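Asker: test case, fold it:
(2 chains)
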Amino acid sequence: MKSKPNQLRALGGIIRASLIATYRNPSSLVFGLIFPMIFIVIFGFLGNEAAPAKLAVRADTHTDNPIYTALKDIKAVELKTDLAEEKINEDLSKGNLDASIRITAEEVLVPAGGLPRGAPIQQMPARFKVELTTSKASPQNGEILRSIVDNISGKINLAAAQIQTPLVETAFAETEGRRFSSIDFILPGQLGFSLLNIGVFATVFTFLTLKQTLVIKRFFTTPVKKITIIAGEAISRLLFSLIQAAIIIAIGYYGFHYTLIHGWATFGQLMVLVALGLIVFLGFGLVISSIAKDERSASPLANILTIPQFLLAGTFFPIEMFPQWLQPIGKVLPLTFLNDSLRKVAFEGQTLVAVAPEIGWLALWGVGIYVLTMLVFKWE
Amino acid sequence: MPQTKRVRRGTKKSVISVRNLVKNYNAVQAVRDISFDVYEGEIFGLLGPNGAGKTTTLEIIETLRAPTAGDVTVMGISVQKEPARIKPLIGVQLQQSGFYPSLTLVETLRLFSDLYNTTINPIEILGEVGLVEKARAKVNQLSGGQKQRFSIATALVNKPKVIFLDEPSTGLDPKARRDLWELIRQIRARGTTVILTTHYMDEAETLCDRVAVIDLGKIIALDSPDHLIDKLVASGYKRPKVTKQATLEDVFLDLTGKEFEKDEK
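Answerer: Numbering: from 1, shown residues only, chains lettered A, B, ... in the order given. Below is the predicted model of the structure:
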């Protein structure tokens, strides 16, 4: 009797076959790249800065004065001139404009001692009236504009009062910090999401196809073990996913200044997390492809597993933005642990050891899902 | 029949033994108490209408399905107790392909040699089934007959003692069927036992040493085709109408090339 067949050689054979098959049919992989890239590009170009507050300048506004000049220089304010009164009022009520301003010069005050000789009349100090109309449709930017205008007029008033030692003295300082741009939040989320998609959808459809074309059944007539078949397909998928993840990170790094705080070391650690995440998500895919009879029953199951995670796991918005009762659910999802650890490693420069809790929880999901996989995996 | 039957009565050695096999799918009784032996070096046919239980019986012997009751052994090894020891000894052709569609024939054969841990020359195996010129083609580019022959090629990778063919000639044109029969005879000539299922009585009659007719999950006849025909004739059966000197199939084969008689040697 021949010695027991070596599963390692069989494993190598399945990995090679699966890699060739994927390489010749790369649609699922392209699919896995396109969506994350679209999101990354959109959010990458959105950039960091909040949109400036839109301030409409009413037609009869006096523009040659220090208040108007100061407003023009503030980046957070976008002045809209040449708008008709009715248009301004309409846009204000809709929230398309955040506020409107009218500055009128009321009367010329000649300071004690007269004007400096030869001073142009325009430079004469005047008394100005500023009317700021904010809109209930845009409370936040309205508030910002109100304090900006308040601040400017306060300074001018202070100067006019010739107060040398103000009662309140303010000092502003800025701490050195890394710029956390939106790409630093979005890219890990997209990476995690693309892994979840590949892990679930690509696996489900690959295994359903292999079952329907009787490849798995044919395998079962050979001495290869169930676990070798699963491992072979999983490893080939893993190899492709690592390449995919590297592409996403590279585009983020070179195209959108994604932060890799310790360079290659960070990249390597991200790859470890990517691999772990994918292995866990593959398990979900394997379970679905075992339970589902065909594509029609697999699709809803796959969507149930991916869409809520996509929304709740901090892919686009931090979990803290969700209602209180929803947050506990978001916090225990496997994608959340992956997203959190990716962000901590890439941006905060934490080591894999430091994110051990996240890794641990993720691994626990993995163990659970693979136990389930081994129980339900069938050839038909 | 020009083909000499190779049933060595008296010295025959059982390769497959099926005893009181029962298989239920929930409430459906697919196989109801079947017993038969397949002897070394013979071509054994399982005949019967669709849903008779042929494929189920075959898949139980192939270790793909667990029997509900009964004993099945292959080369003396129990399929229930030691399926892992049987798998290396058998070659299986399924009703449909069962291969990665985008892999070439050579790549697929390499994969199977890895699964069986054997060393093979893919071109040599393709030569045996007449597909050398298709070595670099992908599985999904083959015609029906080529697919079936390739499927048999993958079943030969591990040099099996027994080969299982499930409806190998279904959907093939007359010429492709005859090529396939020739291939099956060659495999048997090397000492490999063949067990196949078929709907075609002409195929069973010309190819099989013995046949079991299965209906509704039971064996209703088990003998050589010649004996079964003799028995029927002895019972006083007469064909309602004398057949023509040739059939349309003869015409087809005459028109499309290779003749059966030449092919057979």
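Asker: OK, now which residue of the stretch 101-250 of chain B is nearest to chain A?
Answerer: Chain A sits closest to B:Asp114 of the stretch 101-250 of chain B, with a gap of 2.7 Å, by Cβ to the nearest Cβ. Just so you know, the C-beta spots here come from the backbone N, C-alpha and C atoms, and that holds for glycine as well.
Asker: flag every residue of chain A that's near chain B.
Answerer: With Cβ under 8 Å from any Cβ of the partner chain as the criterion, chain A meets chain B at residues A:1-2, A:4-6, A:9-10, A:12-14, A:16-18, A:20-21, A:24-25, A:210, A:213-215, A:217-224, A:379.
Asker: which ones among those lie within helices?
Answerer: If you go by DSSP state H, these have A:9-10, A:12-14, A:16-18, A:20-21, A:24, A:210, A:215, A:217-220 in helices.
Asker: and the residues you listed, which of them are buried?
Answerer: Among those, those buried by neighbour count (16 or more other Cβ atoms under 10 Å in any protein chain shown) are A:9-10, A:12-14, A:16-18, A:20-21, A:210, A:215, A:217-220.
Asker: run a quick check on A:Arg127 versus A:Ile67, I expect a contact.
Answerer: No - with contact defined as Cβ atoms under 8 Å, A:Arg127 does not count as touching A:Ile67 (11.7 Å).
Asker: against B:Ala153, how distant is the residue of the stretch 201-350 of chain A found nearest chain B?
Answerer: Ranking the residues of the stretch 201-350 of chain A by distance to chain B (Cβ to the nearest Cβ) places A:Arg218 first, at 3.2 Å. Distance, A:Arg218 to B:Ala153, by Cβ to Cβ, to the nearest Å: 13 Å.
Asker: what number of residues lie near residue 226?
Answerer: This is for chain A. 15 (other Cβ atoms under 10 Å in any protein chain shown).
Asker: other chain: chain B
Answerer: A count of nearby residues for B:Asp226, using other Cβ under 10 Å, gives 12.
Asker: confirm that it sits in a helix.
Answerer: Yes - with DSSP: H, G, I helix; E, B strand; the rest coil as the criterion, B:Asp226 is assigned to a helix.
Asker: residues contacting the residue lying closest to the residue of the stretch 201-350 of chain A closest to chain B once chain neighbours are set aside?
Answerer: Leaving aside its sequence neighbours, A:Arg218 sits nearest to B:Gly98 (Cβ to Cβ, 6 or more residues apart in numbering or on different chains; 3.2 Å). Contacts for B:Gly98 (Cβ atoms under 8 Å, 6 or more residues apart in numbering or on different chains) come out as A:213-215, A:217-218, B:151.
Asker: any idea which element the most centrally placed residue in chain A lies in?
Answerer: Nearest to the mean C-alpha position of chain A, by Cα atoms, centre = their mean, lies A:Ile186 at 2.3 Å. Per DSSP states H and E: A:Ile186 is located in helix A:182-197.
Asker: repeat for B:Val22
Answerer: strand B:14-25.
Asker: hmm, that strand in reach of chain A?
Answerer: No - judged by Cβ under 8 Å from any Cβ, strand B:14-25 and chain A are separated, with a smallest distance of 11.9 Å.
Asker: kindly report the same for stretch B:71-79.
Answerer: No - using Cβ under 8 Å from any Cβ, stretch B:71-79 stays clear of chain A, coming no nearer than 9.6 Å.
Asker: quick check: buried residues in that stretch?
Answerer: B:72-75, B:77, B:79.
Asker: next, format the residues you listed as CSV and append pLDDT.
Answerer: Formatted as CSV, the buried residues of stretch B:71-79 follow (pLDDT from 0 to 100):
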residue, pLDDT
B:Val72, 95
B:Thr73, 95
B:Val74, 95
B:Met75, 93
B:Ile77, 94
B:Val79, 92
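Asker: in helices, which of those fall?
Answerer: Using DSSP H, none of the buried residues of stretch B:71-79 sit in helices.
Asker: tell me which of these fall in strands.
Answerer: Secondary structure assignment by DSSP state E places B:72-74, B:77 of the buried residues of stretch B:71-79 in strands.
Asker: which two among the residues you listed are spaced furthest apart?
Answerer: Using Cβ to Cβ, those reach their maximum pairwise distance at B:Val72 and B:Ile77, which is 9.8 Å.
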